[in-house]
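turn this into a model:
(2 chains)
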Amino acid sequence: MCDQTFVAITFGPCDRCEKNFPLMSIYIQGEAATYCSFCVDTMACEGLTKGETLVTLKNESDSLKKKLEEERNKLHDIELHKVAEKVEVLGALPIKTRRVLKGHSNKVLCMDWCKDKRRLVSSSQDGKVIVWDAFTLNKEHGVTMPCTWVMACAYAPSGCAIACGGLDNKCCVFPLSLDKNENLAAKKKNVAMHTNYLSACSFTNSDMQILTSSGDGTCALWDVESSQLLQSFHGHTADVLSLHLAPSETGNTFVSGGCDKKCNVWDMRSGQNVQSFETHDSDVNCVRYYPSGDAFASASDDATCRLYDLRADREVAIYQKDSIIFGATSVDFSQSGRLLFAGYNDYTVNAWDVLKGTRVSILFGHENRISSLKVSPDGTAFCSASWDNTLRIWA
Amino acid sequence: MAEGSKDQGTVVMGTATSPTTPTPTTITITDPEEDSPNMIVYRKIEDIVMRIQDEKAGGVAIRTVKSFLSKIPSVVSGADIVQWLMKNLSIEDSAEAIHLGSLVAAQGYFFPISDHVLTLKDDGTLYRFQSPYFWPSNCWEPENTDYAIYLCKRTMQNKARLELADYEAENLARLQRAFARKWEFIFMQAEAQVKIDRKKDKAERKILDSQERAFWDVHRPVPGCVNTTEMDIRKCRRERNPHRVKKSVYGTPDDSQSPSPVHIPSSQPARKATREDVQKEISFLNIQLDRHCMKVSKVADSLMCYTEQFMEYDPFVAPMEPSNPWLTDDTSFWDLEAGRDPSQQRVKKWGFSMEECLKDPAGRDQFLKFLESEFSSENLQFWLAVQELKRRPLQEVASRAQEIWQEFLAEGAPSSINLDSHSYERTSQNIKDPGRYSFEDAQEHIYKLMKSDSYARFLRSNVYQDLLLARKKQQPSDTEQGRRTSLEKFTRSVGKSLTGKRLTGLMQSS
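Reported below is the predicted structural model:
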């Protein structure tokens, strides 16, 4: 009898067909796997015929990206600020704080204007959501959410409801009644449900639909009445922090920005990602459309704000300064699109000349980070919400 | 490292840099993969702080200052820092430099030697730079036990300059109550620290003491001061220390639970790109390549044009009539906008584009009335109906869509609109399964039609021109057309009574 050496073989379920066979250890594209011999043969043949391994696909994607960049660069014939040299320089802006809204007992995280141009809703880390008449400083409604860190809030176009949510992963709607004594919380309606925190919410052109974005990396469109999900938007590879609906009456698009440094434009009808921009070096905290809807601005933790044009499909301006090193958290345009107001983590608001790319004003006043900034519907003022527990109206 | 032996002190404090210039080698090597937003700011600040201290490369002179009976080592004046910031970061206004410097101080990168409050002053106030050991980028999250040891140690040292401030004394009392059972241990640690400190050189001790104090000023700030260690909860999970492994400042083991509940969001592991992901990316890129894009020069002209056109309507750039309510507390501007009689300026906007006209409810009304007077309002009615359809709750959509079909498109429809055959085909297919977007094609077609036809006529119409040129409104019977509907008469008289004399006065003066 001769000595026989036996190769130690494992016996068990194959990774591919899941049937019990003697298994072989192999590597597929760098990943270890255990296949039965039959599957090894089949897979090897498949690989040869299709020729579409992850590696070859990635190569194709990379070469397409390069080609796209080349094509776009051909259209980059001049800088916006160069063209804007012939535009008259703006005079000094006499912007000051005109109102200070005190009432929250912790960081104010979000705010939204009512279409009536004077009311607004704000939400805070203390769990409170307050509706103010900012003009008279009157608090008109208040509701305490069961969860603290209410990171998003929105006013309905009719002015008859508000939406809010945050760490509870939900977005709920409260109808506002004229009866101040009525308990708002009693009429609460849960509309949206995400698998992570709610970062932003916005009503579409009606009280009947809400668009939400979440830390779970998705955006979603909901029917308020039935709480049904109408459309979901997948494409971001990290938390989505902000969204804004296109101002056009005819458009059905919105833009979103997230922690994957990307700004994506979406078609609400199909759920498709229509355009994508990735030039920031860090999280995109806020996105806002230019009034015509042809461009949008973004604010990022890389301390810059940028302007992207949808028709040129590229970044056309960057708003930055050596002395601005803290992240920008929120942006909004003035009525004509000439000014871009941006709130930063260094407690200031900077007003930028959108066309020329220069900073026109720096506004001091807040005593902690600015979390949210929005221009009023008629452009007469803008409101900033801050971690110093207050909101300020500037004009 | 775990026992509370007296040697722990040397290990901790010994790694602090030499009092004068911190050398680059003592800075922690950064992880190139780190992408935490806080880290980005820290790296920028650290770059600035290193440059300020580099005297040879244009930094400020850090020197020893003689004061009263003693010498103050390793200090810089606030004015010097402000000047450096203005020169090297292109800051024109000193207020901005002071603000930025104060923030850098509040983060813990330099501090006033005789104040717990971390701000920068543009005068002779003396500042010292923080040791890189204590930099926030090291992700310190010091425990209350460490703070207790520190305060205890301070009470043991009989120096006037180390006396506890009121808030510190309060904190100490609170900690004594909270840690009553382990106070003996804490006391021992504090004693050990004091012993070690005594062995150090006087000047070095001064510096290290002040740096340690500044460290605690950041992590246990004076009441009323901003706690700069607070984090945006949305970004927490990507911090370099996501599981908050607590490092002890004084080498004591962490056997106490943090008393306050901390929300630790579930960390999501980064998904690796699968084949489907890359295939999606490829099809997306192909679509982008096919897209027809405009040149930047053209886009720039378009943006400039739009902005220029609307600048007179921008309250931040142009003066407002009668005044901005937020400035004067006078709501006339809002009352006028809400009134039935639109101003000339507002009517002018309707002429910019059909979009602007439809956006303004008054413009939309006028446009509709004009079309009604011409018996050609079906197109606009249809467009408005479809807009309204999209705003309905889900369960009403199907039935409403059917109604719209019956009203405008079905055979023998009462308000029949003219669609091209292609759109009609598509729409009749869509209506079999009626939904929010069933009429998209039709709406788009009608919109284009209105833009080139009805809208252009509206702008040329007497109705519009009258409003635009603010021609005095005569009695209905005096007008050329004399076909005003009774509804219009009614709304005009209501408008007049509401805005009354004030508005006519305005019209006369403009």
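
ok, residue B:218 touching residue B:229?
Yes - Residue B:218 is within contact range of residue B:229, at 6.6 Å (criterion: Cβ atoms under 8 Å). Bear in mind the C-beta positions are built from the backbone N, C-alpha and C, glycine included.

of the two, which one has the most company?
residue B:218 (23 against 16; other Cβ atoms under 10 Å in any protein chain shown).

assign a three-state SS to residue 316, would you?
Going with chain A. Following DSSP: H, G, I helix; E, B strand; the rest coil, residue A:316 is assigned to strand.

look at chain B instead
coil.

which neighbours do residue B:218 and residue B:229 have in common?
Here residue B:218 and residue B:229 have residue B:136 as joint contacts, going by Cβ atoms under 8 Å, 6 or more residues apart in numbering or on different chains.

ok, the closest residue to residue B:225 other than its chain neighbours - contacts?
What sits nearest to residue B:225 in space, not counting adjacent residues and going by Cβ to Cβ, 6 or more residues apart in numbering or on different chains, is residue B:117, at 6.0 Å. Neighbouring residues of residue B:117 by Cβ under 8 Å, 6+ apart: B:217, B:222, B:225.

now, these that are in helices?
Those of these mapping onto helices are residue B:217, per DSSP state H.

sorry, back to before: pLDDT score for the residue nearest to residue B:225?
On pLDDT, residue B:117 comes in at 96.

ok, which stretches of chain A are helices?
A:37-50, A:54-74, A:80-83.

which of those helices has the lowest average pLDDT?
helix A:37-50 (a mean of 70).

for the residue nearest to residue A:65 when sequence neighbours are not counted, give me its contacts.
In space, and not counting its chain neighbours, residue A:65 is closest to residue B:285: 6.3 Å by Cβ to Cβ, 6+ apart. The contact partners of residue B:285, by Cβ under 8 Å, 6+ apart, come to A:61, A:64, A:65, A:68.

how close does the third one get to residue B:281?
Using Cβ to Cβ, to the nearest Å, residue A:65 is found at 9 Å from residue B:281.

excluding chain neighbours, what is closest to the one residue in the stretch 351-500 of chain B that gets nearest to chain A?
Closest contact between the stretch 351-500 of chain B and chain A, by Cβ to the nearest Cβ, is at residue B:391 (3.2 Å). Spatial nearest neighbour of residue B:391, excluding adjacent residues (Cβ to Cβ, 6+ apart): residue A:206 at 3.2 Å.

what's the biggest strand in the chain, counting residues?
Because you didn't say which chain, this covers chain A. strand A:20-28 (DSSP state E).

to clarify, I was referring to chain B.
Chain B, longest strand under DSSP E: strand B:70-77.

which parts of that one are buried?
B:72, B:73, B:74, B:75, B:76, B:77 (16 or more other Cβ atoms under 10 Å in any protein chain shown).

where does the stretch 1-150 of chain A dip in pLDDT?
The model of the stretch 1-150 of chain A has pLDDT under 70 over residues A:1-9, A:29-30, A:45-52.

next to chain B, which bits of it? Give me the list.
A:52, A:54, A:57-58, A:60-61, A:64-65, A:67-68, A:71-72, A:75-80, A:83-84, A:87, A:90, A:93, A:95, A:98-99, A:117-118, A:135, A:149 (Cβ under 8 Å from any Cβ of the partner chain).

let's see it at 6 Å
Counting by Cβ under 6 Å from any Cβ of the partner chain, the residues of the stretch 1-150 of chain A lying close to chain B are A:54, A:57-58, A:60-61, A:64, A:68, A:75-78, A:80, A:83, A:98, A:149.

taking those together, which two end up most distant?
A:54 and A:98 (57.4 Å; Cβ to Cβ).

for residue 230, which non-adjacent residue is spatially closest?
All of this is about chain A. Residue A:230's closest residue in space is residue A:221 (Cβ to Cβ, 6+ apart), at 4.5 Å.

actually, chain B is the one I wanted.
Per Cβ to Cβ, 6+ apart, closest to residue B:230 is residue A:387, 7.5 Å.

also residue A:393?
The spatial neighbour of residue A:393 that comes closest, neighbours along the chain excluded (Cβ to Cβ, 6+ apart), is residue A:99 at 3.9 Å.

check the secondary structure at the residue nearest to residue A:65 for me.
Three-state call for residue B:285 (three-state DSSP): helix.

repeat that for residue B:365.
helix.

which residue does chain A have closest to chain B?
Taking Cβ to the nearest Cβ, chain A has residue A:206 as its residue nearest chain B, at 3.2 Å.

around that residue, how many other residues sit close by?
Neighbour number of residue A:206 under other Cβ under 10 Å is 17.

endpoints of stretch B:353-368, how far apart?
15 Å (Cα to Cα, to the nearest Å).

and it, how far out from the chain's middle?
33 Å (Cα atoms, centre = their mean, to the nearest Å).

what do you get for stretch A:227-239?
That offset, for stretch A:227-239, works out to 12 Å (Cα atoms, centre = their mean).

give the buried residues for the helix or strand hosting residue B:127.
When secondary structure is defined by DSSP states H and E, residue B:127 falls within strand B:126-129. By neighbour count with 16+ other Cβ under 10 Å, strand B:126-129 contains the buried residues B:127, B:128, B:129.

measure the first one to residue B:94 for me?
Think residue B:127. Relative to residue B:94, and taking Cβ to Cβ, residue B:127 is found at 16 Å.

just residue A:328 next, same as before
Following Cβ to Cβ, the distance that separates residue A:328 from residue B:94 is 23 Å.

quick one, which of the two is more surrounded?
Taking neighbours as other Cβ under 10 Å, residue A:328 and residue B:94 compare with residue A:328 leading, 29 against 15.

strands along chain B, start to end?
B:63-67, B:70-77, B:110-112, B:126-129.

between the ones you listed, which one is closest to chain A.
Of the strands of chain B, nearest to chain A by Cβ to the nearest Cβ is strand B:110-112, at 15.1 Å.

returning to that earlier point: surely the residue nearest to residue A:230 meets residue A:210?
No - using Cβ atoms under 6 Å, residue A:221 is not in contact with residue A:210, being 7.5 Å away.

of these two, give the one with the bigger neighbour count.
The residue with more neighbours, out of residue A:221 and residue A:210, is residue A:210; 27 against 21, by other Cβ under 10 Å.

check contacts around that one.
A:163, A:191, A:201, A:203, A:222, A:224 (Cβ atoms under 6 Å, 6 or more residues apart in numbering or on different chains).

just the closest of the buried residues of strand B:126-129 to residue B:371, please.
Closest to residue B:371, out of all of the buried residues of strand B:126-129 and judged by Cβ to Cβ, is residue B:127, at 72.2 Å.

what number of residues lie near the residue nearest to residue A:188 when sequence neighbours are not counted?
Counting by Cβ to Cβ, 6+ apart, residue A:188 lies nearest to residue A:172, which is 5.3 Å off, once chain neighbours are set aside. For residue A:172, the count of nearby residues is 22 (other Cβ under 10 Å).

how about residue B:408?
Residue B:408, neighbours per other Cβ under 10 Å, totals 24.

same question for the one 10 residues further on.
If you count neighbours by other Cβ under 10 Å, residue B:418 ends up with 10.

which residues does the most centrally placed residue in chain A form beta bridges with?
Closest residue to the average C-alpha location of chain A: residue A:242 at 2.1 Å, with Cα atoms, centre = their mean. In this entry, residue A:242 is beta-bridged to residue A:257, by DSSP bridges.
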